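1. Test case, fold it:
(one chain, ligands or ions: 1)
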Amino acid sequence: MISLIGIREKDFLLFEADILAIERSSFSSPWSRNSFKEEVTSPISHLWVLLADGMVAGYICFWMFAGEIHLMNLAVHGKRRKKGVGRLLLTKMIDVGQSNRVHEVWLEVRPSNLIARDLYQNVGFMETGRRPRYYSDTGEDAIVMSLSMPEKDMGL
Ligand SMILES: CC(C)(COP(=O)(O)OP(=O)(O)OC[C@H]1O[C@@H](n2cnc3c(N)ncnc32)[C@H](O)[C@@H]1OP(=O)(O)O)[C@@H](O)C(=O)NCCC(=O)NCCS
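-> Residues are numbered from 1 along each chain as shown. Next up is the predicted model:
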């Protein structure tokens, strides 16, 4: 069984260990515990975990404000990859954005992260720019990608 749970500060303790384990095995410069704690207390930030059979399979973190979404973090457990979890998290985020009159979704990705770039392209993001030397650990540029969303038909 699959479920998607929005995490706020009071729930974070329950999922903290699993989230941090996935984070540390997924990124060369992982977010710290404090980074996640800031997100779960921020009014504009959303942290969702996807549970599959009671286990954390992945999570997504994004900011939603002023008609835009900024994707901040996305990772899937190493053993759960290539099964559609990343795509599901992204498409749910886009659905929620559409229901909240978001018109544009933004993200940054490392040029070397071909898998993530493929996923983003696959769900409709387009490369719209570069931020030079954005990643301080490697000095890599960031590729900026965006997705423009048509207004949802409210049936009026
Ligand atoms: C990027 C990541 C979130 C993808 O999650 P996932 O659950 O494995 O992805 P999905 O199974 O939903 O795959 C969806 C699409 O992503 C792309 N993709 C996923 N794995 C891929 C791989 N190994 N090689 C090439 N493309 C891949 C494909 O476009 C795929 O579509 P397809 O199944 O039709 O081929 C996951 O690999 C991950 O956690 N990576 C480490 C953290 C990271 O890089 N996060 C993104 C930071 S910008």
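
2. contacting residues for Met126?
-> Met145, Ser146, Leu147 (CB atoms under 8 Å, 6 or more residues apart in numbering). To be clear about C-beta, it is placed using only N, CA and C from the backbone, and glycine gets the same treatment.

3. swap that for Met1, sorry
-> Ala52, Asp53.

4. quick one: which of the contacts of Met126 is nearest to the ligand?
-> Of all those, Met145 has the smallest distance to the ligand: 9.2 Å, by CB to the nearest ligand atom.

5. per-residue confidence at the closest residue to that closest one other than its chain neighbours?
-> Closest residue to Met145 apart from its sequence neighbours, by CB to CB, 6 or more residues apart in numbering: Phe125 at 4.1 Å. For Phe125, the pLDDT comes out at 98.

6. How much space separates Phe125 from Leu147?
-> For Phe125, the distance to Leu147 equals 5 Å [CB to CB, to the nearest Å].

7. what touches both of those two?
-> Residues touching both Phe125 and Leu147 (CB under 8 Å, 6+ apart): Val105.

8. so what secondary structure elements neighbour the longest strand along the chain?
-> Using DSSP state E, we find that the single longest strand of the chain is strand 55-65. Strand 55-65 sits against helix 9-26, strand 45-52, strand 68-76, helix 85-99, with contacts defined as 3 or more CB pairs under 8 Å, 6 or more residues apart in numbering; DSSP states H and E.

9. Enumerate the positions of stretch 75-83 that are buried.
-> Neighbour-count burial for stretch 75-83 flags Ala75, Val76, His77, Arg80 (criterion: 16 or more other CB atoms under 10 Å).

10. Would you tell me whether that stretch gets close to the ligand?
-> Yes. Applying CB under 6 Å from any ligand atom, one finds stretch 75-83 in contact with the ligand at Ala75, Val76, Arg81, Lys82, Lys83.

11. now, among the residues you listed, which is nearest to Arg130?
-> Ala75 (23.0 Å; CB to CB).
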